[in-house]
Each structure stands twice: as C-alpha cells, then as structure tokens.
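J.: Have a look at this prediction, sequence included:
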Amino acid sequence: MSELKKADLLKAYRTMREIRDFEERVHKEFATGKIPGFVHLYAGEEAVATGVCMHLNDDDRITSTHRGHGHCIAKGVDSIGMMAEIYGKKTGSCCGKGGSMHIADLEKGMLGANGIVGAGGPLGCGAALAAKFKGKGGVAVVFFGDGASNQGTILESMNLANIWNLPVIFLAENNGYAESTGVKYNVPTPNIADRAAGFGMPGVTVDGNDFFAVYEAAGEAIKRAREGGGPTLLECKTNRFFGHFEGDAMTYKAPGEVKRQREECDCLKIFAAKVTSAGLVTAAELEAIDKEVAALIDEAVEKALAAPTPTEADLLTDVYVSY
Amino acid sequence: MSRKISFKDAINEALSQEMERDGSVIVMGLDNAGGRGTDGQLDAWGGVLGVTKGLYGKYGDRVIDTPISESSYIGAAVGAAACGMRPVVEMMFSDFFGVCFDQMMNQAAKFRYMFGGKAVTPVTMRTCYGGGFRAAAQHSQVLYSVFSHIPGLKVVVPSTPHDAKGLLTQCIRDNDPVIFMEHKVLYAMKGEVPEESYAIPFGKANVVREGKDVTVVAIGWMVHKALQAAQSLSKAGVECEVIDPRTVSPLDYDTIIKSVEKTGRLVIVDESNPRCSMASDISSVVAQNAFKALKGSIQMVTAPHTPSPFSGALEDLYLPSPAKIEAAVKATM
C-alpha cells in the first residue's frame, strides 16, 4: 500500500467506483426494458480489473470476456461511449454494432469484450507476439473466468505462451460460478492457478476482493513479462453480485449469499476502510469521487437515451476494409 | 522465353518477396521451418509439403513453428494481425479448420463489424485442400463454400502458378482476413511466373478461354478439367467459354452474368459438395439476374453429398471429371 501515491489510490478508487456505478445503473436501466440484448455485469469484481490495468498503458493490450464492462473502464474506455453502445446507439463505442458483449477500443489497447468463452486466450497470445516483435516491452493480459479455465483455447494458449516466451498474463477471474455451475464441480484442483505448473509457468492465487493483493501480484507478473521473463497465470478469487446475465434469478446461490458478500467482501468497502484507516485518504475525498462518478453515469445514461440509433445506411458498412 | 516455376515455388516466392518488402510479415504454422527442438537439422521441412522451405534461412525468427494446437496459433495470428502484424498462418489441411473455426468465424471475420469499423485484421490463412491424393475424408474436403458464407472473410482459390503468386501477394497486402486455398494436386504444376513482385486484385475473374456456345465456370483444379472438356467439345463444334473466378469471396458475378448473356448456357464445375455450394450460389445468382438469357437449364458438376472416399475406385467417381463436364455441357443444349 505504501508504494502507491495518494493520486494512485484516488485513481484506483475512482476506477472501481466508476465500474460499480456503471454496472448498478445498467442493472437498473435493464429492468426498464430499454436496454436490448444480453448483458452480463461485473459488479463485485472491480478490484481485479482495476488492480491489473493500473499497471498497463495504451500500448499494452487486454482481451476480455462476455462480462467485459469492468475491463473496458479499467483500460480507459469512455463510459459515455460504452453506455451508448449498450443502448445500441450510433454514438456508442462500436457505433451500436457490437453491444455489451463486443465493446472494444483498439486505441486504448482493449481488444474487445468477447461473446465466446475462452476466445481471448489465443488473441492475447497474438497481441503479446506482436508486442514481442515490436520490442518495446509491451504486454498482453488475457482476462478469463473459472468457466473459461476449462476451454481448450485457454489451455492451448498457456502452452503456446510459455514455449514462445510471450509477455502475456493469464488472469483468471474466479467468481465461483460458470453461469450457474459452481467451480467446485468444474475445476478439480483447489486453485485454477495450480494448472500453471503443467505449463511450466508461475501460478499465483490471490484474494481478488483486495485491490492491493491484486495490484501487487499483477505488478510482479507484468514486470516479469515486460523484462522477457514470460507468462504468468494469476488467479483472483472474487464474487459477482449479479446473475450470470441480467434476468437470472440466481436460484443456484445460497439464500443470503450475495447479501453477505456485499457486506463482507465488497472490494470498494474493503479498499475505503484500508486507505482511510491508514490515513492515506480521507472519507471526504472518496465522497467527492462518488459524486463526480454519479454525475458521469447520469450523463452517460442521459446521452445514451438521447442519442440517435444507427440508420439503414449503417447496416452494410464496416464488414470489410475493401470488398 | 518466360521463366516457368511450380505452383509451390510461386507461393514460396510471394512469401519471400513480401517478407523482404515488409518487416511486419511473419510466417507461422506447423513445421514451417521444421526440426526445432531436435538434435537434427533445422529448416528440415518447410511445412509438411515444403511450401515454406528456405524462408527460415532468410528471415530467421519471423518464421515461427507452432505446436499442433490450431485454435491457439490461428487465434494468435488473428490477434497479432489486430495489433499491427501481417501474419501468414498455415493450416496444413483445410479440413483442420474445424478445430479452430471460432477464431476464423467469430473473431477474425467479425472484428471489423462488431467494433464499428475500427478494427483492421490483415491475416492470411494459407491452406491446402481438395481431392486426388486418396487422402480420405478428413484430408480432402473442399470448404471454400463454407468460408465464403461468412461475411468478413475473403476466400481466394488460385488455379495457376501465376495467379498463386499474384493473389497471395494481394492477400498479404490486403487489410482484411483472407483464406488462401492451395489445391494439393496443383503444387507440382509449372507455369510462367514473372520474377518481379506483382499483386492480382480480388474479385476479377479470368476468362481463360473464350467461346460462344456455353459458359463454364470452374474453380481451382477444376479449371484444368474444364479446359480439357472444352478442347474435346471444340472438336465436336461446341465452343465453351471457361471462366476462372480466382476469388470466390468476393466473386466476380458480373463477368459470369455477362458471359451467360452471350452464350445463354451455364455449367458450373465445383469440387465441393453440392448443397449450399459455390455451384449452387452461382446458379442462383445467374437465375435471378439473367433468367431471360438462358436457353437451357443450368448444370452443376460437383462432388456428391458424401464425405470424400478413400479408395481410388471411389474417389475417381466422386470427383468431377472432363467426361462429366462434357455431359453437363451437352445437357444444357
């Protein structure tokens, strides 16, 4: 905690708060019926995306998942464009052609949320390969869930990354559930990170609700990758507060489970308690961020609602660069 | 006298010239150099059929051998392409695309559209395909019709060494994902190929033979079978116009329609299975756009709706032949 400057602590809190408010608001707005399609929310997991992406710059790449809003915000994608995208508007990050599951911002190094579980593994290896040829210390981070940990693409990619010594971090976000199926059913080892040994790379498991634990472990893995030390599998154990998708009644969760997690394992509460009790940041400073973020999310929703939808002319464009 | 080289060497030359020209071009695939991790010779194979032989000696680590895990290395090529490289990745046999179809269909093909036109993914996926080698059902299928069905992919099917070099050069310079299909029977075929680098634009069919009576559209290896049939029919007084589309996505429908408007008759020779095939596609587009010009029913010469058989006795029956093409031409009259 001590190595982080006050500005970094405030930035970390702001990012986590922005993700949380974005997701809580999308949850609320989805219930009004104005948001089309499938939406998967990241609330509860904010410390993971934030603790990792704090180490990255725009030249570093990440690949994401269907639950990608948090990765986008942490990587610097504009919330206003994201909200418009989720509403299917022309002003969205992807002009309304991608939606929640495909938000991307290549200039920010965000290679896309992805509707295919595990698909980011190979793509992240490719991004890392490109970074290796570029030779400027760039890295790639592959975010994937406990469900995706069983996809061949992820396992193949871990092998590929190690034999090619790629600057890539496999970031397992273990929220305990592959859709409705518990990780205890799907993963036979205590930790997903145990699998790293099979690919000859370091495997580390940390408390994903503790921003500082994530920040430190990710920092070490990213530094190693930048210096040519190859890939790492980093597992962050965390919780998702909402269902697999919006509309999921979560009958597979124990009664009171989410309530308890919100009370005891909320990464924002844990972070705020740590930094204020250590006297690094005041409660008033955090409240000021809360207000600023709340206004931003209000603005994002207002702009999204007012934005134009794509037109017929947009239907046929952007399939090819030339055809 | 122009220089003659093989289809295989023409591909190798295109790769080499493009690697020389542009440092972001990398070559990836199984055994593309070969011999890595052994105590024996490096650059042992140059790919299982020797197409990339010698590139390792010239370009070193830009020739990357891959483990046999198609999803990861095809996907890595796609990811590297989205991050500024121009990878040419080899799929040993096109049937194996089944292993990694997601990275082609859901990733490479859809990035540009899903991301609102902001992604550029200049990846070339080379693969060998087709029958004639008694290679059986999992090493012989002709899948360009399947790939052409997918918006966002381009599909190139050269029939000569000259076109192979020029079209592959265009694939590498092109900014969209392209599948470059190399018929295994054609690798040894020799033809005139300029030494200097050149690119052939996509979507421009080649009228290989002019004729007034029947339009015959043929793809890849089938172009040569169609020419054999056309020669034989010419002796009987029937003049075929043989059209090689060269790329099947984009496809030069205009040249085909224009020819049918002249001849009034159409035969399509397509080595793929007949359902939802390039043959049925061309047939439908011509029927929709040049119906009044047709003097007889359109004929398709394709493989049957079965997997590729192993036994030579069966494979010879399975593949389109000059005799079948001649019969189809006569059926239009």
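T.: That came in fine, so what should we check first?
J.: Tell me how many other residues crowd B:G166.
T.: 22 (other Cβ atoms under 10 Å in any protein chain shown). From N, CA and C alone the C-beta is placed, and that goes for glycine too.
J.: Got the phi and psi for it?
T.: Backbone torsions of B:G166, given as degrees, to the nearest 10, read phi -70, psi -40.
J.: In contact with it, which residues?
T.: Contact analysis of B:G166 by Cβ atoms under 8 Å, 6 or more residues apart in numbering or on different chains lists B:A14, B:Y198, B:A199, B:I200.
J.: If I follow the layout properly, A:E173 ends up in contact with A:T205?
T.: No - counting by Cβ atoms under 8 Å, A:E173 does not reach A:T205; the two are 11.9 Å apart.
J.: Residue numbers of the stretch 101-250 of chain B in contact with chain A?
T.: The stretch 101-250 of chain B comes close to chain A at residues B:102-103, B:106-107, B:111-120, B:151-152, B:154, B:174-176, B:203, B:250, as judged by Cβ under 8 Å from any Cβ of the partner chain.
J.: Turn the buried ones among these into a named PyMOL selection, would you?
T.: PyMOL command restricting these to the buried ones, with burial defined by 16 or more other Cβ atoms under 10 Å in any protein chain shown:
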select buried, chain B and resi 102+103+106+107+111+112+113+114+115+116+117+118+119+120+152+154+174+176+203+250
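J.: Among the residues of the stretch 101-250 of chain B next to chain A, which lie within helices?
T.: B:D102, B:F111, B:R112, B:Y113, B:M114 (DSSP state H).
J.: per-residue confidence at the second one?
T.: When you say that, I think you mean B:F111. Looking at B:F111, its pLDDT is 98.
J.: Let me see the contact set for it.
T.: Residues near B:F111 by Cβ under 8 Å, 6+ apart: A:A104, A:G112, B:A82, B:A119, B:T121, B:G152.
J.: Common neighbours of A:E173 and A:T205, please.
T.: Listed as contacting both A:E173 and A:T205 by Cβ under 8 Å, 6+ apart are A:C236.
J.: Which residue of these two possesses the greater neighbour count?
T.: Set side by side, A:E173 and A:T205 show more neighbours around A:E173, with 27 against 20, by other Cβ under 10 Å.
J.: How about the more buried one: which residues does it bridge to?
T.: A:G145, A:C236 (DSSP bridges).
J.: ok, back up a step: can I get the ones in helices among the residues of the stretch 101-250 of chain B next to chain A in JSON lines with distance to B:D65?
T.: JSON lines is the format used below for those (distance: Cβ to Cβ, whole Å):
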{"residue": "B:D102", "distance to B:D65": "23"}
{"residue": "B:F111", "distance to B:D65": "26"}
{"residue": "B:R112", "distance to B:D65": "29"}
{"residue": "B:Y113", "distance to B:D65": "33"}
{"residue": "B:M114", "distance to B:D65": "31"}
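J.: can you map out the strands along the stretch 1-150 of chain A?
T.: Taking DSSP state E, counting those that start in this stretch, the strands of the stretch 1-150 of chain A run over residues A:61-63, A:140-145.
J.: where does the most centrally placed residue in chain A sit relative to chain B, distance-wise?
T.: By Cα atoms, centre = their mean, the mean C-alpha position of chain A lies nearest to A:H71, the distance being 2.8 Å. In this view, A:H71 and chain B are 15 Å apart by Cβ to the nearest Cβ, to the nearest Å.
J.: show me the contacts for the closest residue to that residue other than its chain neighbours.
T.: Distances taken as Cβ to Cβ, 6 or more residues apart in numbering or on different chains place A:S64 nearest to A:H71, at 4.2 Å, with adjacent residues excluded. Under the criterion of Cβ under 8 Å, 6+ apart, the contact list for A:S64 reads A:H71, A:C72, A:M110, A:L111, A:G112, A:A113, A:N114, A:G120, A:F143.
J.: and if you look at B:K190?
T.: Residues near B:K190 by Cβ under 8 Å, 6+ apart: B:K4, B:I5, B:S6, B:F7, B:P161.
J.: And it, its phi and psi?
T.: Backbone torsions of B:K190, given as degrees, to the nearest 10, read phi -100, psi 150.
J.: Run through the bridge partners of it.
T.: Under DSSP bridges, the beta-bridge partners of B:K190 are B:S6.
J.: returning to what we had before: please identify which of the contacts of B:F111 is nearest to B:G312.
T.: Here the nearest of those to B:G312, counting by Cβ to Cβ, is B:G152; it sits at 38.2 Å.
J.: A:I289 contacts A:T15, correct?
T.: No - when contacts are counted by Cβ under 8 Å, A:I289 is not listed as touching A:T15 (9.9 Å).
J.: more neighbours, those two?
T.: With neighbours defined as other Cβ under 10 Å, A:I289 and A:T15 compare such that A:T15 has more, 25 against 18.
J.: what's around the residue nearest to the more buried one when sequence neighbours are not counted, how many residues?
T.: Counting by Cβ to Cβ, 6+ apart, the nearest residue to A:T15 once its immediate chain neighbours are dropped is A:T50, at 4.6 Å. The tally of other residues near A:T50 (other Cβ under 10 Å) stands at 29.
J.: Check A:T50 and give its pLDDT.
T.: So A:T50 comes in at 98 (pLDDT).
J.: same question, B:Q107
T.: Per-residue confidence at B:Q107 stands at 98 (pLDDT).
J.: before we move on, back to that, now flag whichever of the contacts of B:F111 is closest to A:C265.
T.: Nearest to A:C265 out of those is A:G112 (Cβ to Cβ; 28.8 Å).
J.: Contact partners for the nearest residue to that closest one once chain neighbours are set aside?
T.: Spatial nearest neighbour of A:G112, chain neighbours left out: A:A104 (3.7 Å); criterion: Cβ to Cβ, 6+ apart. Residues near A:A104 by Cβ under 8 Å, 6+ apart: A:S93, A:C94, A:G98, A:M110, A:L111, A:G112, A:A113, B:F111, B:M114, B:F115, B:K118, B:A119.
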